[in-house]
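Enquirer: generate a structure from the sequence data that follows.
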Amino acid sequence: MTFRDPVTGANTEYSVSHRLDAERRALHITLHYRPIPTRGKRAGRGHRISLCHRRLHPDEVAALVRRAGLKIVHVTSGAGTTEGRGRSRRDDAVLSRGSMKPHVVCHMMISLDGRIHPSRWTESPDGDRKAWTTVYEDVHGKLAGDAWLVGRVTMAEMSKGTPHPPANPGGVTRPHHFARRDAGSFAIAFDRDGKLHFRQADIGGDHVVVLLGPGVSDAHLAELAGDGISYVVAPDDAMDARPLLELLGRELGIKRLLVEGGGNVNGSLLQAGVVDELSLLIAPALDGARGITGLVEVPAATGLKGKLRLHLASSAALAHGVVHLRYMVEPT
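Expert: Residues are numbered from 1 along each chain as shown. Okay, the predicted model is just below:
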């Protein structure tokens, strides 16, 4: 990140690196900052501040900076790691450029046995589906995402459109078309084969963006563009999540993305190593049926073993018997 010094007016480079201490359940945070060179002026000496704070989320560090009266003018990178004095100019360039991938929070409501379809769950005297949905939406709002992402099946329940390709598609734009870059909030869906159709260009006021596979027809792209919908066509069938999310961060300014299922989408993003945090709301209910998609589904027989580690960040009892667990996701 960069901020403008409130006294001198100079732009200063700022970054945060952090290390989780699982044994002590503490977060060690280091803030790195140094003046950004301007034309005719050399960069000043870099500085480093280290501190240890228990149960402090890295996003809260940025909030503390804002409360201190510093104005954030541009985000160039997320949390990174540096070695302070031994850093080279090449390292500085990488730090300044950074990754534009949004901070990704997988936010889900599940039963006690990890299932994600409330219509199948047992009842509870503590609350019902409507009450639990209210709790879910309340936490969704507090997580303050500027975009949310779901899979094709979940989005189809909201899009409710039918095929209506234009009679004369004409020229279409690949690999991406952004109908509204200034929407402020976005509803994103994976749709590899182009099966989703929409009645309008937003879902609840959030502008629709569709992530498509390379085999999608020009007619379908023309339909989406004609409906005022944004899209991104992946370069290959792998549809690697990281470059797609980095593109959305760079082009649309998305900084905080809430992933909200289903299980296959959650699994693929966790497997790809792009999820930073899990936000799980556990309802006082059970499903119990066999063969039902759960919170996370991956095709590999080994599952996610060896792919990541989870660190409990917080737990809280909410209304209607719901428990909220937040985990930080650490790559192995």
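Enquirer: so which residues of the stretch 151-300 of the chain form helices?
Expert: 152-159, 218-226, 241-252, 263-272 (DSSP state H, counting those that start in this stretch).
Enquirer: out of those, which is closest to residue 191?
Expert: Put simply, out of the helices of the stretch 151-300 of the chain the one that sits nearest residue 191 is helix 152-159, at 4.7 Å, with distance taken as CB to CB. For every residue, glycine as well, the C-beta is placed using N, CA and C.
Enquirer: buried set for that closest one?
Expert: Along helix 152-159, the positions that meet the burial threshold by neighbour count (16 or more other CB atoms under 10 Å) are 152, 153, 154, 155, 156, 158, 159.
Enquirer: going by contacts, tell me the helices and strands next to that helix.
Expert: If contacts are counted by 3 or more CB pairs under 8 Å, 6 or more residues apart in numbering; DSSP states H and E, helix 152-159 sits against strand 186-191, strand 202-203.
Enquirer: relative to strand 186-191, how tilted is that helix?
Expert: Interaxial angle of helix 152-159 relative to strand 186-191 (axes from the mean of the first three to the mean of the last three CA atoms, to 10 degrees): 130 degrees.
Enquirer: pretty sure residue 143 sits against residue 107.
Expert: Yes. Using CB atoms under 8 Å, residue 143 makes contact with residue 107 at a distance of 6.1 Å.
Enquirer: so if I had to pick from those two, which one is more boxed in?
Expert: Per other CB atoms under 10 Å, whichever of residue 143 and residue 107 has more neighbours is residue 107, with 23 against 14.
Enquirer: and the more buried one, helix, strand or coil?
Expert: Applying DSSP: H, G, I helix; E, B strand; the rest coil to residue 107 yields a three-state assignment of strand.
Enquirer: relative to residue 191, how far out is it?
Expert: As judged by CB to CB, to the nearest Å, residue 107 and residue 191 stand 20 Å apart.
Enquirer: could you do residue 327 as well?
Expert: Here residue 327 is placed at a distance of 28 Å from residue 191 (CB to CB).
Enquirer: and those two? Which one has more around it.
Expert: Neighbours were counted for residue 327 and for residue 191 using other CB under 10 Å; residue 191 has more, 22 against 19.
Enquirer: what's next to stretch 153-163, contact-wise?
Expert: Counting contacts by CB atoms under 8 Å, 6 or more residues apart in numbering, the residues outside stretch 153-163 that touch it are 187, 189, 191, 195-199, 203, 208, 223, 260-262, 265.
Enquirer: sorry, back to before: which neighbours do residue 143 and residue 107 share?
Expert: Taking CB under 8 Å, 6+ apart as the contact criterion, the common neighbours of residue 143 and residue 107 are 258, 279.
Enquirer: low-confidence ranges in the protein?
Expert: Where the chain drops to pLDDT under 70, the residues are 1-99.
Enquirer: okay, domains of it per the record?
Expert: Residue ranges for the domains of the chain, per automatic domain parsing: 2-97, 103-331.
Enquirer: picking that back up, and the contacts of stretch 153-163, which of them are buried?
Expert: Among the contacts of stretch 153-163, those buried by neighbour count (16+ other CB under 10 Å) are 187, 189, 191, 196-198, 203, 208, 223, 260-262, 265.
Enquirer: JSON lines please, covering those residues and showing distance to residue 300.
Expert: Putting those into JSON lines (distance: CB to CB, whole Å) gives the following:
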{"residue": "187", "distance to residue 300": "29"}
{"residue": "189", "distance to residue 300": "24"}
{"residue": "191", "distance to residue 300": "23"}
{"residue": "196", "distance to residue 300": "27"}
{"residue": "197", "distance to residue 300": "32"}
{"residue": "198", "distance to residue 300": "33"}
{"residue": "203", "distance to residue 300": "32"}
{"residue": "208", "distance to residue 300": "31"}
{"residue": "223", "distance to residue 300": "35"}
{"residue": "260", "distance to residue 300": "23"}
{"residue": "261", "distance to residue 300": "19"}
{"residue": "262", "distance to residue 300": "18"}
{"residue": "265", "distance to residue 300": "16"}
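Enquirer: tell me which of those residues is nearest to residue 103?
Expert: Distance to residue 103, by CB to CB, is smallest for residue 260 among the buried ones among the contacts of stretch 153-163, at 14.9 Å.
Enquirer: wait, isn't residue 234 in contact with residue 211?
Expert: Yes. Checked against CB under 8 Å, the pair residue 234 and residue 211 is within contact range at 6.8 Å.
Enquirer: so for those two, which residues contact both of them?
Expert: Between them, residue 234 and residue 211 have residue 244 as joint contacts when contacts are counted by CB under 8 Å, 6+ apart.
Enquirer: what is the neighbour count of the closest residue to residue 242 other than its chain neighbours?
Expert: For residue 242, the nearest residue in space outside its immediate sequence neighbours is residue 274; the separation is 5.4 Å by CB to CB, 6 or more residues apart in numbering. Taking other CB under 10 Å as the criterion, the count of residues near residue 274 is 22.
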